[in-house]
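Enquirer: requesting a structural model of the entry that follows:
(one chain, ligands or ions: 1)
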Amino acid sequence: MTLAIANTISQVRDHVRRWRQAGLSIGFVPTMGYLHQGHLSLIDKALEHTDKVVVSIFVNPTQFGENEDLDRYPRDTEGDIEKVRQAGASLVFLPSVEMMYPPGAQTYVEVQEVTRPLCGVTRTHHFRGVTTIVSKLFNIVQPDVAVFGKKDYQQFVTIQRMVEDLNFPIQIVGSPTIREKDGLAMSSRNVNLSSEERAAARALNLSLRKARELFAAGEIRPERLLAEATAVIEAYPQIDCEYLELRDSHQLQLVREKAQPSDRIFIAAKIGNTRLIDNAPLGEPCTLDAIVAQS
Ligand code: AMP
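Expert: As a prediction, the model looks like this:
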């Protein structure tokens with residue numbers, strides 16, 4: 001399988017045009033690189049739906065706040081290209097910041113309600129950066145299908161909303177969270193954890209599991225589910241929990257009365273300087289094996 005590398009927008013358009021002329025369908029996986037098994041599973045998923053898969057690798061500055069980790073974000077372009085090749089993608093797009101945001105750029109795409117809670121509370125311009133760059137990449141690649149990880153569930157819902165509201169002719173597919181053996185969701189940022197921090201990081205998923213176990217045992221009161229999940233995370237003093245919330249899976253509204261199987265529990269926490277997120281639906285199996293396999 002040959003992998004083409006594009007550094008410019010016109011190179012991407014040339015490849016896509018040729019594939020379209022040959023009657024082939026196009027899948028797209030946007031990433032910020034430092035690829036792991038989670039990203040590669042999105043490429044697999046895209047290949048299930050389409051003939052040719054385009055992967056973009058771009059650490060997008062507009063989705064980072066001033067005091068966030070843009071400068072510390074890990075990068076490994078050569079390693080990434082090899083992984084993308086082995087995963088069976090046909091084209092990797094590696095744009096520069098200047099190409100995506102030339103001098104004078106002043107247009108943003110902004111989705112409203114679903115970006116306000118959860119990560120939107122502390123990362124106030126984050127989703128605006130995400131929807132702007134994803135719109136631009138959608139216009140450059142013009143895929144039939146784009147795949148997003150449910151690990152970033154609020155982002156997945158936001159992109160679905162944007163595609164519907166702005167009439168992008170693109171099918172958005174969500175893909176399950178890929179995890180380490182102890183349940184920690186794979187993330188490019190995990191490499192920034194010290195070994196002690198890495199050991200504590202499993203608490204994020206443990207707390208979600210606690211809520212799911214209780215729900216499986218018949219508990220449907222949101223305040224009880226959250227109290228027990230909070231107790232798990234509070235046992236780890238090095239973890240600074242930013243939010244732990246139960247929300248519905250479509251509009252991301254708080255669940256106040258009775259929890260449903262499709263409701264999701266969301267967590268964000270800082271361990272040292274590293275901010276991690278995770279989420280899971282209440283009503284799926286909650287043994288560790290099942291969670292590592294799929295959630
Ligand atoms: P990022 O490079 O972090 O911007 O992520 C690019 C895409 O990979 C997004 O759609 C993420 O949701 C997805 N992704 C990141 N980590 C995982 C994971 N552990 N499992 C599944 N998808 C993931």
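Enquirer: doesn't residue 16 fall inside a strand?
Expert: No - Residue 16 is assigned helix when assessed by DSSP: H, G, I helix; E, B strand; the rest coil, not a strand.
Enquirer: can you tell me how far it is from residue 216?
Expert: Distance, residue 16 to residue 216, by Cβ to Cβ, to the nearest Å: 46 Å. For glycine as for every other residue, the C-beta is placed from the backbone atoms N, C-alpha and C.
Enquirer: the two: which has the busier surroundings?
Expert: residue 16 (22 against 15; other Cβ atoms under 10 Å).
Enquirer: where's residue 269, which helix or strand?
Expert: strand 264-271 (DSSP states H and E).
Enquirer: now do the helix or strand immediately after that strand in the chain and strand 264-271, the angle between them.
Expert: Following strand 264-271 in sequence order, the next helix or strand is strand 274-281 (DSSP H and E). Strand 274-281 and strand 264-271 are oriented at 170 degrees to each other (axes from the mean of the first three to the mean of the last three Cα atoms, to 10 degrees).
Enquirer: any buried residues in strand 274-281, and which?
Expert: 274, 275, 276, 277, 278, 279, 280, 281 (16 or more other Cβ atoms under 10 Å).
Enquirer: ok, stretch 253-265 next?
Expert: Residues of stretch 253-265 classed as buried by neighbour count (16+ other Cβ under 10 Å): 255, 259, 263, 264, 265.
Enquirer: quick one: mean pLDDT over it.
Expert: What stretch 253-265 shows for mean pLDDT is 97.
Enquirer: measure that stretch end to end?
Expert: This stretch, stretch 253-265, spans 12 Å end to end (Cα to Cα, to the nearest Å).
Enquirer: relative to residue 253, how far out is the residue lying closest to residue 248 once chain neighbours are set aside?
Expert: The shortest distance from residue 248 to any non-neighbouring residue, by Cβ to Cβ, 6 or more residues apart in numbering, is to residue 263 (5.6 Å). Applying Cβ to Cβ, the value for residue 263 to residue 253 is 10 Å.
Enquirer: overlap of the contact sets of these two?
Expert: With contacts taken as Cβ atoms under 8 Å, 6 or more residues apart in numbering, the residues that reach both residue 263 and residue 253 are residue 247.
Enquirer: residue numbers of the chain in contact with the ligand?
Expert: Proximity of the chain to the ligand (Cβ under 6 Å from any ligand atom) is limited to residues 31-32, 38-39, 41-42, 148-149, 151-152, 175, 177-178, 185-188.
Enquirer: in strands, which of these fall?
Expert: 31, 148, 149, 175 (DSSP state E).
Enquirer: so how far is residue 188 from the last one?
Expert: As for residue 175, its distance to residue 188 is 16 Å (criterion: Cβ to Cβ).
Enquirer: hmm, back to that, list the buried residues for the strand holding residue 269?
Expert: In strand 264-271, counting by 16+ other Cβ under 10 Å, buried: 264, 265, 266, 267, 268, 269, 271.
Enquirer: can I assume the second one is in contact with residue 205?
Expert: No - Residue 265 is not in contact with residue 205 according to Cβ atoms under 8 Å; the separation is 10.6 Å.
Enquirer: between the two, which contacts overlap?
Expert: Residues within reach of residue 265 and of residue 205 at once, by Cβ under 8 Å, 6+ apart, are residue 280.
Enquirer: about what we covered before: any chance of TSV for the ones in strands among the residues of the chain next to the ligand, columns neighbour count and pLDDT?
Expert: TSV is the format used below for those (neighbours: other Cβ atoms under 10 Å; pLDDT from 0 to 100):
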residue	neighbour count	pLDDT
31	22	98
148	23	98
149	23	98
175	21	97
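Enquirer: which single one of the residues you listed is nearest to the ligand?
Expert: Closest to the ligand out of those is residue 149 (2.3 Å), distances taken as Cβ to the nearest ligand atom.
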